[in-house]
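J.: here is a sequence together with a model predicted from it:
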Amino acid sequence: MIAQEAEPRTAKGAQVAHPGPQTRLTAILARLPADDAAWLAPRVNVDTAEDRRAARLARRDAAILKAVEGTGLRPCRAASELERDLGRYAATGWQRQETPTEPRRALLHSILKENNGKTLGWRQLLNIIDGYRSG
């Protein structure tokens, strides 16, 4: 016999927000032993906020690396120049523009888009260029 879940209790007259299937799957996976959860998670396609954030930051980092590759500059100088270019491009109202066709501006657009419109300082850019990221 399968145990039925009790309905969530609320104050009198309050509406109950039932969790969606992804939330329920995530909760079930959290209760499993780590090795079982790791095996099952890719098979049920649980897309968590952490996964989406990691993918977004990976796209941002790839665009940063592409923006500095082939410049012939030392990493510190490349980070400094990219910081300057990002700041200038961010000040142009880039959100209202279509994705530019010019390659450099398209990369700047992509970096800002994947970083939620925030510019990065030269130190964080240097960390990414060197293969480190703090968050």
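T.: Cool, the structure landed. Numbering: from 1, shown residues only.
J.: and the longest helix along the chain, what's buried?
T.: Assignment by DSSP state H gives helix 49-68 as the longest helix of the chain. Residues 60-61, 63-64, 67-68 are the ones in helix 49-68 that count as buried (16 or more other CB atoms under 10 Å). C-betas here are computed from N, CA, C, even on glycine.
J.: and those, which two are furthest apart?
T.: The largest separation in the buried residues of helix 49-68, counting by CB to CB, is between Arg60 and Val68 at 13.1 Å.
J.: skipping adjacent residues, who's closest to Ala30 in space?
T.: Among residues not flanking Ala30 along the chain, Ala37 sits closest, at 7.3 Å (CB to CB, 6 or more residues apart in numbering).
J.: any idea how far that neighbour is from Glu114?
T.: 28 Å (CB to CB, to the nearest Å).
J.: which of the two has more residues huddled nearby?
T.: Glu114 (18 against 15; other CB atoms under 10 Å).
J.: ranges for the helices of the chain?
T.: Using DSSP H, helices in the chain cover 21-31, 34-44, 49-68, 75-90, 103-114, 122-129.
J.: looking at these, which is nearest to Gln97?
T.: That would be, of the helices of the chain and by CB to CB, helix 103-114, which comes in at 7.6 Å.
J.: which helices and strands sit right next to the longest helix of the chain?
T.: In this structure, helix 49-68 packs against helix 75-90, helix 103-114, helix 122-129, with contacts taken as 3 or more CB pairs under 8 Å, 6 or more residues apart in numbering; DSSP states H and E.
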